[in-house]
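Peer 1: structure, please.
(one chain, ligands or ions: 2)
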Amino acid sequence: MKTQVAIIGAGPSGLLLGQLLHNAGIQTLILERQAANYVKGRIRAGVLEQGMVDLLREAGVSRRMDVEGLVHDGFELVLNGQLSHIDLKALTGGQSVMVYGQTEVTRDLMTARADAGGVTLYEARNVQPHDMKTDRPWLTFEYQGERVRLGCDYIAGCDGFHGVARQSIPAQSLKVFERVYPFGWLGILADTPPVHPELVYAKHPRGFALCSMRSPTRSRYYLQVPVQEPLDEWSDERFWDELKSRLPGELAQRLVTGPSIEKSIAPLRSFVVEPMQYGRLFLLGDAAHIVPPTGAKGLNLAASDVSTLYRILLKVYREGRVDLLEKYSAICLRRVWKAERFSWWMTSMLHEFPEADGFSQRIAESELAYFIHSEAGRKTIAENYVGLPYEAIE
Ligand code: APR
Ligand code: PHB
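Peer 2: Ligands and ions are numbered 1, 2, ... in the order given. Predicted coordinates:
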């Protein structure tokens, strides 16, 4: 078997890269460990930066997003029970974000790939890249009981944090940067109207809370919980009571509760691997970096990696610009580290750290107070939240 670009992983990174390359006439094959229905069912992020929205439009997969997605021109930060509005549009000269679930993005990309006749092999087992440092890399995997060899020009490792791509690079060729937080987010999805028209990020002595949404009739809420918290100790009732206790009174009163349709706990982590490439193997999205979700950056960073590799490969195939290949990692990492910093910073300011002394707590409160009450501070938050620009590939 042969293809031009072999893609490991059919999450948003792999599917979006596959769609863009396919539209450009570059052959791709996607290898995914899970079944298609499992991939479709995952509930993940929900806020798209303008850069990602534009990339989805460029890929021709924005029809449903443009109808059903919710354009948000701002969000709320809560300190000491007071709401402070971050007017994204006014503070950034007209930019906004799109609230549209990653689950929906993934569905749209899967449909588009099927319609375009692109091949995704689901339930491909034991994928293993080989000879990445040569100009004839190849992969082996098992599919429907057969052992398969796939030759290719390039390999895109889009297989998430636990994938095989990063692990197949010799450890001495990689440097890992990591921070693990002593808490996670307990998330709930419910068919109830969102408590507020915009997202609400609340700092509270009992722990951080976030009110988000997927549509005018579907809400997504999160609570900071200790990292080892057992999920089965959180009945829906306990979740709603705890959420109300962390929200300003007017919001708590207005909150419409209902049965959860999904409930899960996600640990919070910052992680970056350098470099994001090894010969002809490139790492994209969660395979290369993880951010805590407080800045809504995880999915958006995956999109900017995809944009970078796509634009480089276009120039490689069309103009013979192989010199660009070695620049991939450095271009991505400049943007990745800025988003890592923003995500770490928002997480540090908004959460309660179990080991923090009184001084550290006051500093975090005072930092948030300064940023929300200063025009320059709000601008800094807004500029990062809507997403920093993508670097041009020249
Ligand atoms: N072989 C084949 N596929 C694999 C393997 C493997 N060894 N390991 C993992 N995969 C698949 C996973 O099953 C998954 O479908 O790779 C895919 C990776 O998808 P994601 O984890 O969603 O990662 P990515 O596409 O980079 O998406 C960006 O940013 O903030 C996050 O939650 C957000 O998941 C999103 C991510
Ligand atoms: C979500 O809706 O899932 C969401 C929104 C904003 C975040 C994180 C998650 O910062």
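Peer 1: up against ligand 1, what does the stretch 51-200 of the chain have?
Peer 2: Counting by CB under 6 Å from any ligand atom, the stretch 51-200 of the chain comes close to ligand 1 at 102, 124, 127, 158-160, 162-164. Using the backbone N, CA and C atoms, a C-beta is placed for each residue, glycine as well.
Peer 1: redo those as TSV? Include secondary structure.
Peer 2: Output for these, formatted as TSV (DSSP: H, G, I helix; E, B strand; the rest coil):
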residue	secondary structure
Gln102	helix
Ala124	coil
Val127	strand
Cys158	coil
Asp159	coil
Gly160	coil
His162	coil
Gly163	coil
Val164	helix
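Peer 1: in the stretch 201-350 of the chain, mark out all the helices, start to finish.
Peer 2: Taking DSSP state H, counting those that start in this stretch as the test, the helices found in the stretch 201-350 of the chain are 236-246, 249-254, 298-319, 328-350.
Peer 1: looking at Gly41 now. What's its pLDDT?
Peer 2: Looking at Gly41, its pLDDT reads 85.
Peer 1: what does the model give the nearest residue in space to it that is not next to it in sequence for pLDDT?
Peer 2: Excluding the flanking residues, the one nearest Gly41 by CB to CB, 6 or more residues apart in numbering is Thr103, at 7.6 Å. Per-residue pLDDT puts Thr103 at 94.
Peer 1: and the helix or strand harbouring Thr103, what does it pack onto?
Peer 2: Taking DSSP states H and E as the criterion, Thr103 maps to helix 102-116. Helices and strands touching helix 102-116, by 3 or more CB pairs under 8 Å, 6 or more residues apart in numbering; DSSP states H and E, are helix 12-23, helix 36-41, helix 63-68.
Peer 1: distance from the last one to the middle of the chain?
Peer 2: I take that to be helix 63-68. Remark: helix 63-68 is offset 19 Å from the chain centroid, using CA atoms, centre = their mean, to the nearest Å.
Peer 1: same question, the first one
Peer 2: Helix 12-23 has its average C-alpha position 16 Å from the chain's average C-alpha position, going by CA atoms, centre = their mean.
Peer 1: just the CA atoms of the lowest-mean-pLDDT helix or strand in the chain, as PDB, please.
Peer 2: Using mean pLDDT, DSSP states H and E, helix 36-41 stands out as the lowest-scoring helix or strand of the chain, at a mean of 91. Only the C-alpha atoms of helix 36-41 are listed here, as PDB (Å, rounded to 0.1, in the frame of the first residue of the first chain):
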ATOM      1  CA  ALA A  36     -15.800   5.600  14.000                       C
ATOM      2  CA  ASN A  37     -18.700   5.700  16.400                       C
ATOM      3  CA  TYR A  38     -16.300   6.000  19.400                       C
ATOM      4  CA  VAL A  39     -14.500   8.900  17.800                       C
ATOM      5  CA  LYS A  40     -17.900  10.600  17.000                       C
ATOM      6  CA  GLY A  41     -19.100  10.200  20.600                       C
END
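Peer 1: name the residues of that helix that are buried.
Peer 2: Applying a neighbour-count criterion of 16 or more other CB atoms under 10 Å, one finds Val39 buried in helix 36-41.
Peer 1: how close does the closest residue to Ala303 other than its chain neighbours get to Lys297?
Peer 2: Spatially, and ignoring its direct neighbours in sequence, Ala303 is nearest to Met52 (3.8 Å; CB to CB, 6+ apart). Met52 sits 11 Å away from Lys297, taking CB to CB, to the nearest Å as the criterion.
Peer 1: again with Asp305
Peer 2: Taking CB to CB, one finds Asp305 at 12 Å from Lys297.
Peer 1: who touches the nearest residue to Arg63 once chain neighbours are set aside in this structure?
Peer 2: Excluding the flanking residues, the one nearest Arg63 by CB to CB, 6+ apart is Asp108, at 7.8 Å. Residues counted as contacts of Asp108 (CB atoms under 8 Å, 6 or more residues apart in numbering) are 56, 61-65.
Peer 1: ok, of those residues, which come out buried?
Peer 2: Neighbour counting with 16+ other CB under 10 Å marks 56, 61-62, 65 as buried within those.
Peer 1: kindly indicate which of those lies nearest ligand 2.
Peer 2: Taking CB to the nearest ligand atom as the measure, ligand 2 lies nearest Met65 of these, at 14.8 Å.
Peer 1: pLDDT score for the closest one?
Peer 2: According to the predicted model, the pLDDT of Met65 comes to 97.
Peer 1: I'd say it and Met52 touch.
Peer 2: No: with contact defined as CB atoms under 8 Å, Met65 does not count as touching Met52 (9.9 Å).
Peer 1: identify the contacts common to those two.
Peer 2: Counting by CB under 8 Å, 6+ apart, the residues touching both Met65 and Met52 are Met98.
Peer 1: returning to what we had before: mind putting the contacts of Asp108 into a markdown table with distance to Met276?
Peer 2: As requested, the contacts of Asp108 are arranged in a markdown table below (distance: CB to CB, whole Å):
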| residue | distance to Met276 |
| --- | --- |
| Leu56 | 22 |
| Val61 | 24 |
| Ser62 | 27 |
| Arg63 | 31 |
| Arg64 | 31 |
| Met65 | 27 |
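Peer 1: can you convert the helices and strands packed on helix 102-116 into JSON lines and add a column each for distance to ligand 2?
Peer 2: Listed next are the helices and strands packed on helix 102-116 as JSON lines, based on distance: least, CB to the nearest ligand atom, whole Å:
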{"stretch": "helix 12-23", "distance to ligand 2": "14"}
{"stretch": "helix 36-41", "distance to ligand 2": "15"}
{"stretch": "helix 63-68", "distance to ligand 2": "15"}
